[in-house]
Structure formats: C-alpha cells, structure tokens
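K.L.:
Give me a 3D structure for the following:
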Amino acid sequence: MRLTPVLLLTCCALCAELRAEAPDGFVDIERAVPGVVVEARYFSANNFMGEVIDGYNAPRIYLTSEAARALARVQARLKDFGMRLKVFDAYRPQRAVDHFVRWTKDAEDTRMKMRYYPQVDKRDLIPEGYIAARSGHSRGSTLDLTLVSGAGASAPELDMGTPFDFFGPESHGVSDAVTPQQRANRLLLRTVMEAEGFRPLAEEWWHFTLADEPYPETYFDFVVE
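P.N.:
So this is what the prediction gives:
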C-alpha cells in the first residue's frame, strides 16, 4: 500500500478524526484470510451507483489486522459446512463516502434504481438512513460479505433474498419478506460472524463490524490501491 501524507482534521460534531495516512495495522484480506473470495464491488460498475467509486484504484479489500484475524477464524468455521466467505467491501475511504453523498444529489442519475432502490426515492436515501456522511467502513473494521458454497472463484452465493446493497426493508436481517430458506442462510452468516466477535447491522444482512474495533473514533481516507 502506498501511504499518502498525513491529513488530520478535527470533526467536532462527531468527536472523531479523519486521517489520510494508512496505519501499519491494515492488511489485504486475500493475504490474511486464506480462501476468501473477493469481489470488490466499488472498483466496478456493479454497484448501486453504476460506476467505480472515488478512492478505489484497485480490486483489493483492506481490513484492520484485528478484524482480519477474526475473519480468518470465521472462514475456518465454515469449512465444516463446505462454505467460504465472499467479501464485497471492507475499509472504505472517506472520499468514497463523500462520492455517495454527492450522487444522492444528482436527481437525473437513476440508472441503477430498479435493481438497488426500486421503492425508495433517491432524494430519501440520506433522510431514511441508507447513506450517511460518515461510515463505520472508514474505520477499517466493518465489512460487507456473504457466503458461497464450494471451491473456486465462481462458487455460487447462498440465496439471501436480496442483492448486496439493496435499499429496502427486505434487506433487514430478520425480514419476513424473504423465504424461510433465505432467512436461514442469513442466520448462518450472522451466527458464524457473531461467534468470532462481529456485530451485525439489523438493517443490512451483509454488514458486520468487529465489536472490539481498534479505531472506534478514527475515519481514514487513504486510497485503495
């Protein structure tokens, strides 16, 4: 990882720091979690904005070393089920979050609406809490992921009932808008993640944060490259 000069801004309203330098404790999950499948959605057009997001210059995914070690234990647990983890995103630069916010203000750009937010007006994505000006992802110990069955990069994903990043109540972890099997698949993911110290986000079945995260008040903005 190339490190950029330090930029330290005090964010009084959030009692947090914004830092543009990557500390030594961030790792590439493909090196730290053997067998994990990486699908870096924000370094592609396959996401709710339909384009590569600011701050993603390579198809890599970084996590704090503490979160990566816990994730490796989750991966080990899944061997008994013949399953593995597929990660869509983890560390997210603050500039990417800023890009999300700017996008919500462009009322003309709705190219991905039918796939990702069919029942939500784009103008309501921030007021309804789907997008925020600060994300736990920028602290480095939050990640978005699912389960796949079998070996190889093309192993099929378990059916979770909605796509990753679908904006709607159907994405809630215990939503009754999905089938019993889909709820069971979500429960399996949640169970193995919680067993190794990750907290789920109730509104997004794919979203987990290491409970004992090392940077609870620091948001980073170094580029993924």
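K.L.:
Only C-alpha atoms from now on, for both contacts and neighbour counts.
P.N.:
OK.
K.L.:
Quick one: end-to-end distance for stretch 141-156.
P.N.:
Its first and final residues considered, stretch 141-156 spans 26 Å by C-alpha to C-alpha, to the nearest Å.
K.L.:
so how far is that stretch off the chain centroid?
P.N.:
Centroid separation for stretch 141-156 versus its chain: 13 Å, with C-alpha atoms, centre = their mean, to the nearest Å.
K.L.:
Can you show me the CA trace of the lengthiest helix in the chain as CSV?
P.N.:
Secondary structure assigned by DSSP state H gives helix 180-195 as the longest helix of the chain. Taking Å, rounded to 0.1, in the frame of the first residue of the first chain, the C-alpha atoms of helix 180-195 are listed here in CSV:
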residue,chain,number,x,y,z
PRO,A,180,-37.6,-19.4,5.3
GLN,A,181,-34.5,-20.8,3.5
GLN,A,182,-33.3,-17.3,2.8
ARG,A,183,-33.7,-16.3,6.4
ALA,A,184,-31.9,-19.5,7.4
ASN,A,185,-29.0,-18.5,5.1
ARG,A,186,-28.8,-15.1,6.7
LEU,A,187,-28.9,-16.7,10.2
LEU,A,188,-26.0,-18.9,9.3
LEU,A,189,-23.9,-15.9,8.2
ARG,A,190,-24.9,-14.0,11.3
THR,A,191,-24.2,-16.9,13.6
VAL,A,192,-20.6,-17.6,12.4
MET,A,193,-19.8,-13.9,12.4
GLU,A,194,-21.1,-13.2,15.9
ALA,A,195,-19.2,-16.3,17.1
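K.L.:
Do a quick rundown of the helices in the chain.
P.N.:
Listed in chain order, the helices found in the chain under DSSP H are 29-32, 65-78, 94-104, 113-116, 180-195.
K.L.:
To R19, which of these lies closest?
P.N.:
Closest of the helices of the chain to R19 is helix 94-104, at 9.1 Å (criterion: C-alpha to C-alpha).
K.L.:
how about the CA coordinates for that closest one, as CSV?
P.N.:
In CSV, the C-alpha atoms belonging to helix 94-104 read as follows (Å, rounded to 0.1, in the frame of the first residue of the first chain):
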residue,chain,number,x,y,z
GLN,A,94,-13.9,8.8,3.3
ARG,A,95,-13.7,10.2,-0.2
ALA,A,96,-15.9,7.3,-1.4
VAL,A,97,-18.5,8.1,1.3
ASP,A,98,-18.4,11.7,0.0
HIS,A,99,-18.9,10.4,-3.5
PHE,A,100,-22.1,8.5,-2.3
VAL,A,101,-23.4,11.7,-0.8
ARG,A,102,-22.8,13.8,-4.0
TRP,A,103,-24.5,11.1,-6.0
THR,A,104,-27.7,11.3,-4.0
